[in-house]
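In: Quick one: sequence plus predicted model below, questions after.
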Amino acid sequence: MTRSELEAQIQAKKSVLCVGLDTDIEKIPAHFKQLEDPIFEFNKAIIDATHQYAVAYKPNLAFYEAEGLKGWQSLEKTLQYLNQNYPELFTIADAKRGDIGNTSARYAKAFFEELNFDSITVAPYMGSDSVKPFLGYPGKWVILLALTSNPGGGDFQLKSLSEGNQLYQEVLGQSSQWASEEELMYVVGATKAEYLKEIRKWVPNHYLLVPGVGAQGGTVSEVMEHGKASSSAGLLINSSRGIIYASQAEDFADAAASEAAKLQAEMARFL
Ligand SMILES: O=c1ccn([C@@H]2O[C@H](COP(=O)(O)O)[C@@H](O)[C@H]2O)c(=O)[nH]1
């Protein structure tokens with residue numbers, strides 16, 4: 001998906017909402033468990049209930065890999081369902097990959113060619129040769145970890161290097177030379193919203209994927225206020241558990257839809 005296609009969808013829906021499909025078989029309503037593929041059926045119901053409020057979906061690979069071959073099949077079916085029924089939606093493989101170049105190239109093939117995701121999250125810490133194999137796929141995106149939402153996110157990322165920059169600033173400064181804002185985004189946690197102003201000095205116009213609202217305590221309004229790009233929305237704000245487990249009873253899809261609608265209405269105020 002191109003940047004202008006993503007931006008057009010955001011403006012049409014007045015939303016930067018990304019729904020996280022962190023589908024944990026232990027947490028989905030009991031009646032799904034009798035079905036052949038509970039994870040896929042649950043995802044399908046969530047997607048159908050929330051797609052009008054969202055512009056992106058982000059399955060986190062851990063929840064699929066944890067189920068072995070069956071989990072991988074659920075992931076593949078979820079992607080096919082999204083691509084066939086809602087091709088306008090942006091898809092993110094939250095896989096946090098990155099390895100020596102030879103290996104990264106195989107990860108890129110797996111996620112971009114085999115599974116046909118629009119984007120993948122990549123860890124930057126093995127350096128440029130570990131990230132570059134993911135770049136150069138037309139319409140595909142790399143989403144590089146910059147300043148993550150977890151409590152330990154500052155252990156290394158906020159450390160100052162001898163050159164003076166903090167590690168996350170060095171990641172932004174160097175990596176923004178590797179590719180344009182048409183194929184490179186960054187992960188910044190909503191729990192680190194106080195850094196957004198500084199981050200926008202380094203990358204004024206790149207898209208930021210912002211997880212951490214809802215369950216982790218970040219807020220949409222703080223992110224929208226400080227994180228917008230200079231010439232576009234420039235944000236995708238993710239909520240996973242806050243939407244998909246808004247209710248764990250029979251009314252889970254309605255509850256997910258109303259949570260997504262609430263987040264979208266808040267986003268619309270800034271778009
Ligand atoms: O810095 C990061 C990077 C990735 N994540 C992922 O986003 C979702 C958040 O889930 P919630 O249930 O909305 O808290 C999850 O898949 C994380 O692995 C992140 O939280 N922070």
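Out: Cool, the structure landed. Small disclaimer: the values here were computed from a predicted structure and weren't measured. Numbering: from 1, shown residues only.
In: and the gap between the residue nearest to Y186 when sequence neighbours are not counted and the ligand?
Out: What sits nearest to Y186 in space, not counting adjacent residues and going by CB to CB, 6 or more residues apart in numbering, is A146, at 4.1 Å. Placement of C-beta: from N, CA and C, glycine included. From A146 across to the ligand, the span is 9 Å (CB to the nearest ligand atom, to the nearest Å).
In: Shouldn't A146 be within a strand?
Out: Yes - assessed with DSSP: H, G, I helix; E, B strand; the rest coil, A146 lies in a strand.
In: Check the burial of it by counting its neighbours.
Out: 27 (other CB atoms under 10 Å).
In: for E26, same thing?
Out: Neighbour tally, E26, other CB under 10 Å: 5.
In: do D251 as well
Out: Per other CB under 10 Å, the neighbour tally for D251 reads 12.
In: how close does it get to the ligand?
Out: Distance from D251 to the ligand, by CB to the nearest ligand atom: 20 Å.
In: thinking again about what came up before, ok, the residue nearest to Y186 - contacts?
Out: Shown in contact with A146 (CB atoms under 8 Å, 6 or more residues apart in numbering): 124, 157, 168, 171-172, 186-188, 199, 208.
In: could you point out where the protein is predicted with low confidence?
Out: Scanning the chain for pLDDT under 70 picks out nothing.
In: tell me which parts of the stretch 101-250 of the chain are close to the ligand?
Out: 148-150, 187, 189, 211-212, 214-216, 238-242 (CB under 6 Å from any ligand atom).
In: Out of those, who's the most crowded?
Out: Top of those by neighbour count (other CB under 10 Å): N238, with 29 neighbours.
In: all helices of the stretch 101-250 of the chain, in order?
Out: Secondary structure of the stretch 101-250 of the chain (DSSP state H, counting those that start in this stretch): helices at 101-108, 128-131, 154-157, 167-175, 196-202, 220-227, 241-244.
In: Tell me which of those helices sits most buried.
Out: Ranked by mean neighbour count under mean count of other CB atoms under 10 Å, those are led by helix 241-244, which reaches a mean of 23.
In: right, and L184 touches Y137 too?
Out: No - when contacts are counted by CB atoms under 8 Å, L184 is not listed as touching Y137 (12.0 Å).
In: more crowded one of the two?
Out: Shown here are L184 and Y137; by other CB under 10 Å, L184 has more neighbours (22 against 18).
In: Could you check how far the residue nearest to that one when sequence neighbours are not counted is from V187?
Out: Counting by CB to CB, 6+ apart, V142 is the residue found nearest to L184 once chain neighbours are left out, at 5.4 Å. Distance, V142 to V187, using CB to CB, to the nearest Å: 11 Å.
In: Please settle this for me: is I92 part of a helix?
Out: No - counting by three-state DSSP, I92 falls outside a helix, being strand.
In: Excluding chain neighbours, what is closest to it?
Out: Using CB to CB, 6+ apart, the closest residue to I92 is K58 (4.0 Å).
In: Would you mind writing the CA trace of stretch 16-36 as PDB?
Out: Output in PDB follows, covering the C-alpha atoms of stretch 16-36 (Å, rounded to 0.1, in the frame of the first residue of the first chain):
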ATOM      1  CA  VAL A  16      -5.800   6.300  12.600                       C
ATOM      2  CA  LEU A  17      -6.900   3.200  14.500                       C
ATOM      3  CA  CYS A  18      -5.000   0.000  14.200                       C
ATOM      4  CA  VAL A  19      -6.700  -3.000  15.800                       C
ATOM      5  CA  GLY A  20      -4.200  -5.500  17.300                       C
ATOM      6  CA  LEU A  21      -5.100  -9.100  16.700                       C
ATOM      7  CA  ASP A  22      -3.300 -10.500  19.700                       C
ATOM      8  CA  THR A  23      -5.600 -13.500  19.800                       C
ATOM      9  CA  ASP A  24      -5.000 -15.700  22.800                       C
ATOM     10  CA  ILE A  25      -6.900 -19.000  22.600                       C
ATOM     11  CA  GLU A  26      -7.200 -19.000  26.400                       C
ATOM     12  CA  LYS A  27      -9.100 -15.600  26.300                       C
ATOM     13  CA  ILE A  28     -11.600 -16.000  23.500                       C
ATOM     14  CA  PRO A  29     -15.300 -16.800  24.200                       C
ATOM     15  CA  ALA A  30     -15.800 -20.500  25.000                       C
ATOM     16  CA  HIS A  31     -18.200 -21.200  22.000                       C
ATOM     17  CA  PHE A  32     -15.300 -20.700  19.500                       C
ATOM     18  CA  LYS A  33     -13.400 -23.600  21.000                       C
ATOM     19  CA  GLN A  34     -15.700 -26.100  19.300                       C
ATOM     20  CA  LEU A  35     -14.900 -24.700  15.800                       C
ATOM     21  CA  GLU A  36     -12.200 -26.100  13.500                       C
END
